[in-house]
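S.K.: build me a model from this:
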Amino acid sequence: MKYITEVIYFSGRVQGVGFRAATQRLARGSGVCGYVQNLTDGRVEVFATAEVASIDRLIVRLKGLFGDGISDVQRLPRIGVEEFSGFGIRR
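M.R.: As a prediction, this is how the structure comes out:
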């Protein structure tokens with residue numbers, strides 16, 4: 001299994017709609033470790049470590065849940081793999 005770390009930015013109507021809680025639930029169910037947090041510019045940041053397929057699945061599921069509320073997704077790979085013991089919500 002090859003693990004990667006990505007920082008993923010979701011734009012659109014993603015704050016105040018349960019996006020972080022849904023991300024945490026889906027990530028934990030998919031074996032994705034890391035965190036999710038709101039940013040002051042209105043985006044949501046997801047820091048994710050997992051297999052590529054697991055991160056892909058997480059994004060697809062979030063798009064399915066929040067549909068048109070997500071206007072853009074930016075995926076930025078990180079060099080190296082960050083280690084987390086689970087998936088949390090940062091405030």
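S.K.: just the pLDDT for N38.
M.R.: Predicted confidence (pLDDT) at N38: the value is 99.
S.K.: quick check: it vs D56, distance?
M.R.: Distance of N38 to D56, given as C-beta to C-beta, to the nearest Å: 23 Å. (Each C-beta comes from the backbone N, C-alpha and C, glycine too.)
S.K.: again, but for R78
M.R.: Distance, R78 to D56, using C-beta to C-beta: 16 Å.
S.K.: do a quick rundown of the strands in this protein.
M.R.: For the chain, the strands defined by DSSP state E cover 3-12, 33-38, 44-51, 70-77, 87-90.
S.K.: out of these, which comes closest to V60?
M.R.: Distances from V60 to each of the strands of the chain were compared using C-beta to C-beta; the minimum, 10.3 Å, belongs to strand 70-77.
S.K.: which residues are in contact with that closest one?
M.R.: 4-14, 59, 62-63 (C-beta atoms under 8 Å, 6 or more residues apart in numbering).
S.K.: next one: stretch 29-48
M.R.: Under C-beta under 8 Å, 6+ apart, the answer for stretch 29-48 is 5-11, 14-15, 19-20, 23-24, 26-27, 49-51, 54-55, 57-58, 61, 82-91.
S.K.: can you select the buried ones among the residues you listed for me in PyMOL?
M.R.: For anyone working in PyMOL, the buried entries among these, judged by 16 or more other C-beta atoms under 10 Å, can be selected with:
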select buried, resi 5+6+8+9+10+11+14+19+20+23+24+26+27+49+50+54+55+57+58+61+82+84+87+88
